[in-house]
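**Student:** Fold the following and give me the result.
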Amino acid sequence: MNSLLEYIYICRPTHWLKNIFIVFGHAVALVLVLDMQVTPAIIGLAALSLIPACLVASANYVLNEILDAPFDAVHPTKRLRGIPAGKVKIPVCWGLMAGLLVVGLLLGWLWFNWAYVAALAALFVSGLLYNVPPARLKDRAFLDVIAESFNNPVRLWLGYYALVAPHHVPPLSVVLAWWFFGALLMTGKRYAEFRFINDTEVSGRYRKSFRVYTQRKLIIAMICYANLFCFCAGVAMAVYEEFNNLVLIFPVVVAAVGVYFHHAMREESAKLEPEELMQNKWIILATVVTVVLAAALLLTEANLAKQIGLLGPRVLELD
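**Tutor:** Sure thing, here's the model as predicted:
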């Protein structure tokens, strides 16, 4: 039983929560293509779209566990994971990875269109480039964050193409904003991990990119990604009429980013695992408030557009 649990841990089901970012793709499709028409069929497709994504993501996590085992062995806490601790068999892990990938792609092909399957494939290829030599982008400073955060636009595409046909293309400004937002979060994770290890020699052996990183460089990178995110989000709000109302929550977005920075910089945060950084109640509250306000504004805009559409024919009849 314990052995089975170790194999489940390697799949990291607790990290499936990251696939909540797929919902952002659903939202973009609803706003720009589906006119905010939420039907039982749409809800069903949205729910199903999470399943293949979670399976392929777990295939990536298993691959990561296998290839990172020698490096995890020198980490203060990750050395207790299944592979570096010798609790699981590596050949079984390879088979588990292949099975998750095949089932995930098959379900994507059966349930959705080719664009969704292409996004699934991109999710796995991203994992290969991130983990497998000679590319192994996770060892390259700054490229590691760009590569890992690329999963954000991939998840956007998964959510988007689960609901709409492949000939619809999400706006570049929205895709880039989502990518830079992911880069901000991933850089914050690097910063927290760098401080958590708190030993230059050990951190360099654990992750080669940490031989280049310093706290100052990581802070500057976070500031740059935060500005790029805000810039691209602002472009999307200005260019696309459906997003115009969202300019009203921009101060809330900036405040949420400020909360993230404040918590990441605290001395207490240096004692936390990087994953714990995102579990802070104030970060969660700021995120929830931002999402709720954005949803309310988008629904208001959609309802107003419907009323104007209904009023138009009546005005013509009176004329």
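
**Student:** Now the terminal residues of stretch 160-180, how far apart.
**Tutor:** End-to-end distance for stretch 160-180, by C-alpha to C-alpha, to the nearest Å: 18 Å.

**Student:** Any stretches of the stretch 1-150 of the chain with poor pLDDT?
**Tutor:** 1-2, 76, 80 (pLDDT under 70).

**Student:** First-to-last residue distance for stretch 73-93?
**Tutor:** 17 Å.

**Student:** where's residue 217, which helix or strand?
**Tutor:** According to DSSP states H and E, residue 217 maps onto helix 215-239.

**Student:** Summarise which helices and strands that helix is packed against.
**Tutor:** Using 3 or more C-beta pairs under 8 Å, 6 or more residues apart in numbering; DSSP states H and E, the elements in contact with helix 215-239 are helix 172-197, helix 250-265. Glycine gets a C-beta too; all of them are placed from N, C-alpha and C.

**Student:** In CSV, list the ones you listed along with distance to residue 244 and mean neighbour count.
**Tutor:** What follows is the helices and strands packed on helix 215-239, written out as CSV (distance: least, C-beta to C-beta, whole Å; neighbours: other C-beta atoms under 10 Å):
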stretch, distance to residue 244, mean neighbour count
helix 172-197, 13, 22
helix 250-265, 12, 16
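
**Student:** related to what we said a few turns ago, ok now the helix holding residue 217, how far from the chain's centre?
**Tutor:** 16 Å (C-alpha atoms, centre = their mean, to the nearest Å).

**Student:** Residue nearest the middle of the protein, spatially speaking?
**Tutor:** Among the residues of the chain, the one closest to the centroid is residue 152, at 3.9 Å (C-alpha atoms, centre = their mean).

**Student:** For residue 253, which non-adjacent residue is spatially closest?
**Tutor:** Of all residues not flanking residue 253 in the chain, residue 290 sits nearest, at 5.9 Å (C-beta to C-beta, 6 or more residues apart in numbering).

**Student:** ok, back up a step: buried ones in the helix holding residue 217?
**Tutor:** 217-219, 221-222, 225-226, 228-230, 232-237 (16 or more other C-beta atoms under 10 Å).

**Student:** Repeat that for stretch 85-105.
**Tutor:** So for stretch 85-105, counting by 16+ other C-beta under 10 Å, buried means 87, 88, 93, 96, 97, 100, 101, 104, 105.

**Student:** Narrow those to those in helices?
**Tutor:** 93, 96, 97, 100, 101, 104, 105 (DSSP state H).

**Student:** Reformat those as JSON lines; add distance to residue 52.
**Tutor:** Converted to JSON lines, these look like this (distance: C-beta to C-beta, whole Å):
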{"residue": "93", "distance to residue 52": "21"}
{"residue": "96", "distance to residue 52": "16"}
{"residue": "97", "distance to residue 52": "15"}
{"residue": "100", "distance to residue 52": "10"}
{"residue": "101", "distance to residue 52": "10"}
{"residue": "104", "distance to residue 52": "4"}
{"residue": "105", "distance to residue 52": "7"}
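
**Student:** sec struct for residue 134, please.
**Tutor:** Assigned by DSSP: H, G, I helix; E, B strand; the rest coil, the conformation of residue 134 is coil.

**Student:** For it, give its distance to residue 128.
**Tutor:** From residue 134 across to residue 128, the span is 12 Å (C-beta to C-beta, to the nearest Å).

**Student:** Any chance you could list what contacts stretch 150-170?
**Tutor:** Residues from elsewhere that reach stretch 150-170 (C-beta atoms under 8 Å, 6 or more residues apart in numbering): 18-19, 21-30, 32-34, 42, 45-46, 48-49, 53, 112-116, 119-120, 122-123, 126, 174-176, 178-179, 181-182.

**Student:** at 6 Å instead, please
**Tutor:** 21-22, 24-26, 28-29, 33, 45, 49, 53, 112-113, 115-116, 119, 122-123, 126, 175, 178-179, 182 (C-beta atoms under 6 Å, 6 or more residues apart in numbering).

**Student:** and what of stretch 226-246?
**Tutor:** 31-32, 171, 173-174, 176-177, 180-181, 184, 247, 257, 294, 297, 301.

**Student:** What of stretch 113-120?
**Tutor:** Applying C-beta under 6 Å, 6+ apart, the set of residues contacting stretch 113-120 is 52, 56, 105, 108, 109, 154, 157, 158, 161, 162, 166.

**Student:** Drop anything exposed from those.
**Tutor:** By 16+ other C-beta under 10 Å, the contacts of stretch 113-120 give 52, 56, 105, 108, 154, 157, 158, 161, 162 as buried.
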